[in-house]
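Trainee: need a structure here:
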Amino acid sequence: MNEEKFNLEIRKFLKVVGINSQRDIERAVRDAAEAGKLGDGPVKARMTLELPELGVRRVIEEEIALK
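Mentor: Down below sits the predicted model:
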């Protein structure tokens, strides 16, 4: 395995995930605010990472503060 290539591929994957996830979160929060469905508290977020061929499934849960 080429460690350098592997590291670059992971970074590329995470960049795509990060950019798309941020856009989705921003859009969902904006839409909820416009619809009057957004409170003052934090928004719960959950991300699931799966590597099916390797038997990996990791769920990450956090809260995103709005104020």
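Trainee: so what's Val56 bridging to?
Mentor: Leu51 (DSSP bridges).
Trainee: count of neighbours near it?
Mentor: Val56 has 9 neighbours, counted by other Cβ atoms under 10 Å. In this view, the C-beta of every residue, glycine as well, is placed from N, C-alpha and C.
Trainee: isn't it right up against Thr48?
Mentor: No - using Cβ atoms under 8 Å, Val56 is not in contact with Thr48; the gap is 10.6 Å.
Trainee: Spit out the residues that contact those two alike.
Mentor: Counting by Cβ atoms under 8 Å, 6 or more residues apart in numbering, Val56 and Thr48 have no contacts in common.
Trainee: From the centroid of this structure, which residue is nearest?
Mentor: With distances taken as Cα atoms, centre = their mean, Ser21 lies nearest the centre of the chain, 4.4 Å away.
Trainee: Using the three-state scheme, assign that one.
Mentor: On the three-state scheme (DSSP: H, G, I helix; E, B strand; the rest coil), Ser21 is labelled helix.
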